[in-house]
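Student: Predicted structure and sequence below. I'll ask about it afterward.
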Amino acid sequence: MNTLTMLMALMLGLLTVPGGKNSSLAKENGYVINLDRAEKLEKMTYSSLFSKAGIIVLEDTDESLLGKVDKLEVCDNNLYVLEKRPGYTEMVVTDTLNIPCSNLWIDDDCLYYYSTEWNNNTQSNTIGYGVIDIRTKKVIRDSFISDGTEKDIKIPYGIAVHPVTKDIYVTDAKNYVSSGTLYCYDQDGFQKWGVRTGDIPAHMVFVNKEE
């Protein structure tokens, strides 16, 4: 039987060019996390991960959106709605949500996002976490973290929602040079666990496992 395993790959936020200065990083630039035991299992490369059969990549693509919204784009730390013109392939901006957004993940009709805004007056970041109904384009939750543990996150750098359990995952890049952390939250906004990752954990995918 082919089921969704409790494994998630954490990709480091590093760009490597074959044969280039940082090409050696591509040999060890991913970690696999066992979500049942909340522990790091092994290192793996981008190529070895994406060559595995049955992988499910959950990203904010056109195919993952529901309703009449064709696409949502983040630009200048804001959310814009793009739709296809009838008879054309190009996209046009039809709405501006005026909601700060640095990264997002869409699950069913909900868009989970976080925002990181630098404040010159306070010389610090203002960080927020919320949920938008993509059908109405309205914020339905001002924060998906409700237990106060958002203060543990220094620099949110990745977000994902498990398609079955609906647990919410947020990665923390901290200071960009030391090991990061992956945090797991339930749908009520309570932190279930946190686990250490490699540097700058950025992207997550869920994979199938045959049993």
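Tutor: Cool, got the structure.

Student: any weak-confidence spans in the chain?
Tutor: Across the chain, the ranges flagged by pLDDT under 70 are 1-76, 209-211.

Student: which SS state does Val151 fall under?
Tutor: Just so we're on the same page, residue 151 is Lys rather than Val. Lys151 carries the three-state label helix when classified by DSSP: H, G, I helix; E, B strand; the rest coil.

Student: Can we start the residue count at 19 from this point?
Tutor: I'll keep to 19 as the first residue from here, and by that count the last item is Lys169.

Student: Contacts only, for the residue nearest to Lys155 when sequence neighbours are not counted.
Tutor: Among residues not flanking Lys155 along the chain, Leu115 sits closest, at 5.9 Å (C-beta to C-beta, 6 or more residues apart in numbering). Bear in mind the C-beta positions are built from the backbone N, C-alpha and C, glycine included. Counting by C-beta atoms under 8 Å, 6 or more residues apart in numbering, Leu115 touches Asn96, Leu97, Tyr98, Val99, Ile150, Lys155.

Student: so what's the second one up against?
Tutor: So that's Leu97. Leu90, Glu91, Thr114, Leu115, Asn116, Ile117, Cys119, Leu122, Tyr131, Ile150.

Student: how near is the fourth one to Ala178?
Tutor: Read it as Leu115. 21 Å (C-beta to C-beta, to the nearest Å).

Student: Also Lys155?
Tutor: Counting by C-beta to C-beta - Lys155 and Ala178 are separated by 22 Å.

Student: The two: who's more crowded?
Tutor: Ala178 (23 against 16; other C-beta atoms under 10 Å).

Student: pretty sure that one is touching Leu200, no?
Tutor: No: using C-beta atoms under 8 Å as the test, Ala178 is too far from Leu200 to be in contact (9.5 Å).

Student: anything in contact with each of those two?
Tutor: Common contacts of Ala178 and Leu200 (C-beta under 8 Å, 6+ apart): Tyr187.

Student: ok, back up a step: specify which member of the contacts of Leu97 is nearest to Val225.
Tutor: Comparing the contacts of Leu97 against Val225 with C-beta to C-beta picks out Leu122 as the nearest, at 21.5 Å.

Student: what about the closest one, neighbour count?
Tutor: Leu122 has 19 nearby residues by other C-beta under 10 Å.

Student: Find the nearest non-adjacent residue to it, please.
Tutor: Distances taken as C-beta to C-beta, 6+ apart put Tyr131 closest to Leu122, at 4.3 Å, once the chain neighbours are dropped.

Student: tell me what the helix or strand hosting that neighbour is packed against?
Tutor: Following DSSP states H and E, one finds Tyr131 within strand 128-137. Strand 128-137 is packed against strand 121-125, strand 142-151, strand 174-179, with contacts defined by 3 or more C-beta pairs under 8 Å, 6 or more residues apart in numbering; DSSP states H and E.

Student: most packed of those?
Tutor: Highest mean neighbour count among these (mean count of other C-beta atoms under 10 Å): strand 174-179, with a mean of 22.

Student: All set, thanks.
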